[in-house]
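Student: Need the 3D shape of this:
(one chain, ligands or ions: 1)
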Amino acid sequence: MHKSHSVAHPAKLDGCPLFGEMGLIIGLTGGIASGKSTVARALENRGAFVIDADKLGHQAYVKGSDAFHKVVAQFGEDIVGDDGEVDRRALGAKVFGEGGSLKQLTDIVWPAIHDMAAQAIQHTLTAVPNAVVVLEAAVLIEAGWQELVDEIWVTTVDPDVAIERASARDGVDAASVQARIDAQISNAERSAEAAVIIDNSAEEIQLMAQLEIHWQNLQERC
Ligand code: ATP
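Tutor: Predicted coordinates:
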């Protein structure tokens, strides 16, 4: 969790009747390379507090944790590396290899991330009661974490553009990005749950212009 570096606009919703005493928790989700991190950073620069579910995911099964024991019991001792931690590469090979099941892993890890996110949100709101908190989570909807947030913001991007951006960023070929897009829920499925839809198919300057409008709306709703 990060505190804002520069606060260009008030990030607190003091006296906001809409969200009461509890601030506002935005769930930010979207497909691969749709711009979630870019939007989260921009919201952070406006003073929001960002919680990155991806980062929590990396901590979810550290050595000795509940999820660590469950993952090892499910996938075998041979996924534990020399340092005693789960070796992600070995785990990935089991999960994505023949006969592997990603669901077996997410059934263990998603509840752990959920609890860590709930705790991080609570800590933030205890410290800053009327904060705007952004839970950035690619799998927010698939994992059923909607109940953690007050409203959902979705970043969308045309699949062709997503392929271009993800390939450039990750140095992977178009087919593997397409396979990941196919494995995810669609823009339409995410958008159906969204209070705010931010299309990021064009230039970053257009993304930022949309964001400014949504941020202003947020302030005006209070
Ligand atoms: P993922 O979930 O796949 O990690 P993401 O949804 O968080 O991705 P970002 O990392 O914000 O997406 O953006 C994906 C890539 O596209 C990054 O390299 C980012 O710099 C770039 N990018 C984001 N928005 C734009 C834009 N409007 N124009 C050009 N490049 C962009």
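Student: I figured Asp66 was touching Ala112, is that so?
Tutor: Yes. Applying CB atoms under 8 Å as the test, Asp66 and Ala112 come out as touching, 6.9 Å apart. (C-beta placed from N, C-alpha, C; glycine too.)
Student: When those two are compared, which one has more neighbours?
Tutor: Shown here are Asp66 and Ala112; by other CB atoms under 10 Å, Ala112 has more neighbours (20 against 13).
Student: any idea which helix or strand carries the more buried one?
Tutor: Per DSSP states H and E, Ala112 falls inside helix 102-127.
Student: What mean pLDDT does the following helix or strand past that helix get?
Tutor: Once the chain leaves helix 102-127, the next helix or strand it forms, by DSSP H and E, is strand 132-136. Averaging pLDDT along strand 132-136 gives 96.
Student: what angle separates whichever helix or strand comes after strand 132-136 from strand 132-136?
Tutor: Once the chain leaves strand 132-136, the next helix or strand it forms, by DSSP H and E, is strand 151-156. Orientation check (axes from the mean of the first three to the mean of the last three CA atoms, to 10 degrees): strand 151-156 against strand 132-136 gives 50 degrees.
Student: How about the contacts made by the spatially most central residue of the chain?
Tutor: Here the mean C-alpha position of the chain is nearest to the C-alpha of Ala137 (CA atoms, centre = their mean), at a distance of 1.5 Å. Contacts for Ala137 were tallied using CB atoms under 8 Å, 6 or more residues apart in numbering; they are Gly27, Leu28, Thr29, Ala53, Asp54, Ala117, Ala143, Trp145.
Student: and His214, what helix or strand is that in?
Tutor: helix 204-220.
Student: Check the gap between Val95 and Thr106 for me.
Tutor: Noted for Val95: a distance of 9 Å to Thr106, by CB to CB, to the nearest Å.
Student: With Gln184 instead?
Tutor: Distance from Gln184 to Thr106, by CB to CB: 13 Å.
Student: just Leu91 next, same as before
Tutor: Distance, Leu91 to Thr106, using CB to CB: 12 Å.
Student: More neighbours: the two, which one.
Tutor: Using other CB under 10 Å, the more surrounded residue of Leu91 and Thr106 is Leu91, with 22 against 16.
Student: which SSE is that one in?
Tutor: Assigned by DSSP H and E, Leu91 belongs to helix 88-96.
Student: Residues in contact with that helix: which ones?
Tutor: With CB under 8 Å, 6+ apart as the contact definition, helix 88-96 has outside contacts at Val71, Phe75, Gly76, Asp78, Ile79, Gly81, Gly100, Ser101, Leu102, Gln104, Leu105.
Student: Can you report how many residues lie near the fifth one?
Tutor: Read it as Ile79. Residues near Ile79, counting by other CB under 10 Å: 21.
Student: swap in the first one?
Tutor: Other residues within reach of Val71, judged by other CB under 10 Å, total 24.
Student: residue contacts, it?
Tutor: Val71 makes contact with Tyr61, Ile79, Val86, Leu91, Leu105, Ile108, Val109 under the criterion CB under 8 Å, 6+ apart.
Student: What residues of the helix or strand bottoming out on mean pLDDT in the chain count as buried?
Tutor: In the chain, the helix or strand scored least confidently by mean pLDDT, DSSP states H and E is helix 88-96, which has a mean of 91. Residues Leu91, Lys94, Val95 are the ones in helix 88-96 that count as buried (16 or more other CB atoms under 10 Å).
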